[in-house]
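> Mind folding the following:
(one chain, ligands or ions: 1)
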Amino acid sequence: TNTPITVLGLGLMGQALARAFLKAGHPTTVWNRTAAKADSLVAEGARLAPSVGDALEAGGVTIVCLTDYPAVRELLGDARLEGTTLVNLTSGDSAQARETAAWAEKQGARYLDGAIMAIPSSIGTPDSVILLSGPRLDPALDALGTVSYLGEDHGLASLYDVAGLTMMWSVLNAWLQGTAMLRTAGVDAATYATFAQQIAVGVAGWLPGYAEQVDKGSFPAEVSALETDARAMAHMVEESEALGVNAELPKLIKAMADRAIAAGHGGEQYPVLIREFERSEG
Ligand code: NDP
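Below is the predicted model:
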């Protein structure tokens, strides 16, 4: 399709978004508070709108990508949004997304909230993952990369975003912990990385089955009881301390299992820890 697109906000990300739309052949209108940031895009074929109002009128779909949500509300607070389709790709939390959706819909806009799991240089390639929630949209955003539509609740894109980041940092921290332990024995990071990758892929394969236990709320120990896991965790803590490497992560892992055991779940399987994660404080 060649839906006309407007991009409001031409920071590092906004410029990359506008460029991807231009490359995909969309008539592209841009606007930025600091107009000079549009220069190279204009040279590549974008139209610089003289005002936010003009920019909103030009876009079949209007993308907003500013620093934060307060900036979005400041920019669009007085604008006429009736009949517009707004896709807000500014980073924020799920409450901000839902509030902004309610506000924009009251002004007569169709509103989608999104999160960008990519760096500017990957926008427009399949590596760039764009999460969207709200009403379904035509495929106009496919120019940005791999678009994933998550559902009607406007908060979902932000929630999937933080969930994904949690997964990413947890895997990386676990890998760095093991790397620190093995380096004490002269094993270099590259050698261990191959082994670590196999473990990570193997564990990822357990998720669908474990998720079934969480959804059913039933945790029979088919593979291993939490008590057995906790003994291995004690070795992990003791070994870290004996080696003189940081033991904070091993201790945190063990502390959560210990609490679930103290609550009577030692004979159940690991995903029973969901109860520890659903509580607001340890
Ligand atoms: P930049 O700091 O490069 O750009 C910020 C943009 O917001 C500029 O266009 C700036 O305008 C505009 N802006 C800020 N406040 C206002 C305001 N009150 N009124 C009008 N315009 C305003 O940030 P990025 O482009 O890197 O990031 C934009 C969003 O994308 C953020 O929410 C970020 O978290 C998200 N994101 C960025 C990624 C990245 O790798 N860069 C990755 C994933 C998400 P001006 O030029 O006039 O200052």
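
> Please name the residues that touch the residue nearest in space to the middle of the chain.
Per CA atoms, centre = their mean, the C-alpha nearest to the average position across the chain is that of Asp161, at 2.0 Å. Residues near Asp161 by CB atoms under 8 Å, 6 or more residues apart in numbering: 91, 115, 117, 131. Glycine gets a C-beta too; all of them are placed from N, C-alpha and C.

> Ranking by neighbours, what's the top pick from those residues?
Neighbour counts for these peak at Ala115, which has 27 neighbours (criterion: other CB atoms under 10 Å).

> Chain neighbours aside, what residue packs nearest to that one?
Spatial nearest neighbour of Ala115, chain neighbours left out: Asp161 (3.7 Å); criterion: CB to CB, 6 or more residues apart in numbering.

> could you point out which element follows the helix or strand the one you found falls within?
Using DSSP states H and E, Asp161 falls within helix 156-183. Following helix 156-183 in sequence order, the next helix or strand is helix 189-204 (DSSP H and E).

> Would you mind listing the buried residues in that next one?
Along helix 189-204, the positions that meet the burial threshold by neighbour count (16 or more other CB atoms under 10 Å) are 192, 196.

> Name the next helix or strand downstream of the top strand by length along the chain, please.
Secondary structure of the chain per DSSP state E: the longest strand is strand 110-117. Sequence order places strand 129-133 as the next helix or strand after strand 110-117, per DSSP H and E.

> Report the mean confidence score over that next one.
For strand 129-133, mean pLDDT is 96.

> Use 35 as the first number for this chain going forward.
In the new count, where the first residue is 35, that last one comes out as strand 163-167.

> now that strand, how far from the chain's geometric center?
9 Å (CA atoms, centre = their mean, to the nearest Å).

> Also stretch 194-210?
Worked out by CA atoms, centre = their mean, stretch 194-210 lies 10 Å from the chain centre.

> For that stretch, which residues meet the burial criterion?
Residues 194-195, 205, 208-209 are the ones in stretch 194-210 that count as buried (16+ other CB under 10 Å).
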